[in-house]
Structures are given as C-alpha cells and as structure tokens.
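Chemist: With the input below, show me the fold.
(one chain, ligands or ions: 2)
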Amino acid sequence: MSCVRLEGIAKRFGSTQVIRGVDLDIQSGEFVVFVGASGSGKSTLLRMIAGLEQPSEGRVFIGDSDVTDAPPSERGVSMVFQSYALYPHMTVRENIAFGLKLKKTGKAAIEEAVTRVATMLEIEALLDRKPGQLSGGQRQRVAIARAIVREPQVFLFDEPLSNLDAALRTRTRIEIKELHRKLAATMIYVTHDQVEAMSLADRMVILNGGRIEQVGPPSVLYHQPATKYVAAFLGSPT
Ligand code: ADP
Ligand code: MG
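Modeler: Ligands and ions are numbered 1, 2, ... in the order given. Below is the predicted model of the structure:
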C-alpha cells in the first residue's frame, strides 16, 4: 500500500528553483533514505512532506488523503531534527508529552504513554531533567521519544545523527533501524552520508540539484548506477 506519494513536486524560493519535477511513491512500512550532496534539496523535500514548506507545484499524499494544504499537525507525521528542537524550559517528561497535549489526550493516558516510550529508549532516569542537563546523545533520544509517542504513520528524520560523535552515531543508527522493525512504521530519513544511507535504506533516493537521479535498493544502486553521478557518489566499482 502506498503511504507517501509525491506527484510533480517543484519548489522555488523566489526565482531559485530548488526542487524540480519530483515523483515518488513510498510504501507503507518502508525505510526510505534521501541522500545527496549539501544543497541538493533533501531537507526541502522532507519539509514539504511534513508540511513545513509548501510546494510551488505538485501534490503530496499521505495514506489516502491529499495533504498538500493540510497543516503539519494534521498529517500523521512526526519529525526528528538534527538540532533536536527540544523546549529548553520544559523537563524531558514535558517535552515528550507536548505532542500528545496538542492531541488533547487525557492526563493518565499521557503519563502512561510517556513512561512507555521512555522505557523503550532507556531514558526513564532522565524524565525530570531539562534538556540543558543532557548530553547530545541523550537529547536525541528524547527527540526520538517525542516523535514516537504521537504514534505517527510516518517518521521523518533530517540528519538526526550529525551532531553525535562517531561511536554514538553508529549505535543510534542501529537503534533507529531496530525501532523501524519494532514499530513497522514508514520512515523517511535524510542524510548526506552514503554509508549511513546504505546501511539503513530499503530504498535510497539519490538527489542532485533538486532532481531524483535514481531510486532503488542500495545494492542495486551500487552495482547498477544509472548515471555517472550515482556511480561517483556511491563509489561504485568501475
Ligand atoms: P540539503 O538539505 O540537501 O542540504 P536544502 O533542501 O536545505 O538542501 O536546500 C536546497 C537549496 O535550497 C539550497 O540551495 C538552499 O540554499 C535553498 N534553500 C533552502 N531553504 C531556503 C529558503 N528558506 N530560502 C531560500 N533558499 C532556500
Ligand atoms: Mg539539509
């Protein structure tokens, strides 16, 4: 079943065209990674799925609905950012609960849900701290917990590991992949790191100058690159 569908998406900022004619169909439960050089349009494409940017042309569908004109909160998506985007004045508990309060969930149900995701991510001991009292890795776990608690249809990640050191990056990457299996959710993940992309993706979408160069499973792209750009980007054998 199709979960996220992009039809003829274009995006201009003023007179600069940053996304050009993107069509893409993402299946329910798929782990799709947008990869490409800095400035290739990965974040802009993800933000249009989230509803944080409006396409200049084209339509965005999630499930059966055309959500092109729907606000972010009504799309059934949760986004995790590179910068975590936690509220500094709130505790970890309040940060995680925040998304549920917007959905007008009852107090007991909120408490139960927060405890459940905190246990899943092993951050129970941190619930009463403020973000300023956490390490970068702990902050990113809180940001992931806050995304999960809303039980979205679709998770959107924008370079979630870029601020972590190498060891923690590998560990968190494995945890995100495990989470994908456990939740059976659709995940769309942006990175400029081809190794990260190849280890996470069911399918990779290679972006170059706002266009899709090629879409497919990592091994297919690596062994059968459609363009010179893809071959060079992935370091395919020549
Ligand atoms: P990536 O995430 O692949 O690094 P982005 O989607 O952030 O790329 O950006 C793609 C292009 O769009 C870049 O040239 C960037 O400068 C431009 N861009 C992104 N956001 C804006 C904006 N709000 N206003 C003007 N230009 C933007
Ligand atoms: Mg980006």
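Chemist: Could you pull out the strands in the chain for me?
Modeler: For the chain, applying DSSP state E gives strands covering 2-13, 16-27, 31-35, 57-62, 65-66, 77-81, 154-158, 186-191, 203-208, 211-216.
Chemist: If I average pLDDT within each of those, which one is lowest?
Modeler: Confidence, taken as mean pLDDT, is least for strand 77-81 of the strands of the chain (a mean of 91).
Chemist: Please say whether there is contact between it and ligand 1.
Modeler: No: using CB under 6 Å from any ligand atom, strand 77-81 stays clear of ligand 1, coming no nearer than 11.7 Å. Glycine gets a C-beta too; all of them are placed from N, C-alpha and C.
Chemist: Quickly run through the sheet partners of that strand, with directions.
Modeler: strand 154-158 (parallel) (DSSP bridges).
Chemist: Any residues of the chain in contact with ligand 1? List them.
Modeler: F13, T16, V18, G36, S38, G39, S40, G41, K42, S43, T44.
Chemist: Which of the residues you listed fall within helices?
Modeler: Among the residues of the chain next to ligand 1, the residues falling in helices (DSSP state H) are K42, S43, T44.
Chemist: Just the endpoints, please. Distance across stretch 204-221?
Modeler: 8 Å (CA to CA, to the nearest Å).
Chemist: make that stretch 128-147, sorry
Modeler: End residues of stretch 128-147 are separated by 18 Å (CA to CA).
Chemist: what's the distance between that stretch and the middle of its chain?
Modeler: Centroid separation between stretch 128-147 and its chain, computed with CA atoms, centre = their mean, to the nearest Å, is 17 Å.
Chemist: And stretch 210-228, by the same measure?
Modeler: Centre-to-centre, stretch 210-228 and its host chain are 20 Å apart (CA atoms, centre = their mean).
Chemist: mind listing what's buried in the helix-or-strand element of the chain with minimal mean pLDDT?
Modeler: When the helices and strands of the chain are scored by mean pLDDT, DSSP states H and E, helix 92-102 comes last with a mean of 86. Buried positions in helix 92-102, judged by neighbour count with 16 or more other CB atoms under 10 Å: V92, R93, E94, N95, I96, A97, F98, G99, L100.
Chemist: for that helix, packing partners?
Modeler: Applying 3 or more CB pairs under 8 Å, 6 or more residues apart in numbering; DSSP states H and E, we find helix 92-102 packed against helix 107-120, helix 136-148.
Chemist: quick check: angle from that helix to helix 107-120?
Modeler: 130 degrees (axes from the mean of the first three to the mean of the last three CA atoms, to 10 degrees).
Chemist: Output helix 92-102 as PDB, restricted to C-alpha atoms.
Modeler: Only the C-alpha atoms of helix 92-102 are listed here, as PDB (Å, rounded to 0.1, in the frame of the first residue of the first chain):
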ATOM      1  CA  VAL A  92      12.100  15.700  29.400                       C
ATOM      2  CA  ARG A  93       8.700  14.500  30.600                       C
ATOM      3  CA  GLU A  94       7.000  17.700  29.400                       C
ATOM      4  CA  ASN A  95       8.900  17.700  26.100                       C
ATOM      5  CA  ILE A  96       7.800  14.200  25.300                       C
ATOM      6  CA  ALA A  97       4.200  14.900  26.500                       C
ATOM      7  CA  PHE A  98       3.900  18.100  24.500                       C
ATOM      8  CA  GLY A  99       2.800  16.500  21.200                       C
ATOM      9  CA  LEU A 100       0.100  14.500  23.000                       C
ATOM     10  CA  LYS A 101      -1.300  17.600  24.700                       C
ATOM     11  CA  LEU A 102      -1.900  19.100  21.300                       C
END
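Chemist: I'm done for today, thanks for sticking with me.
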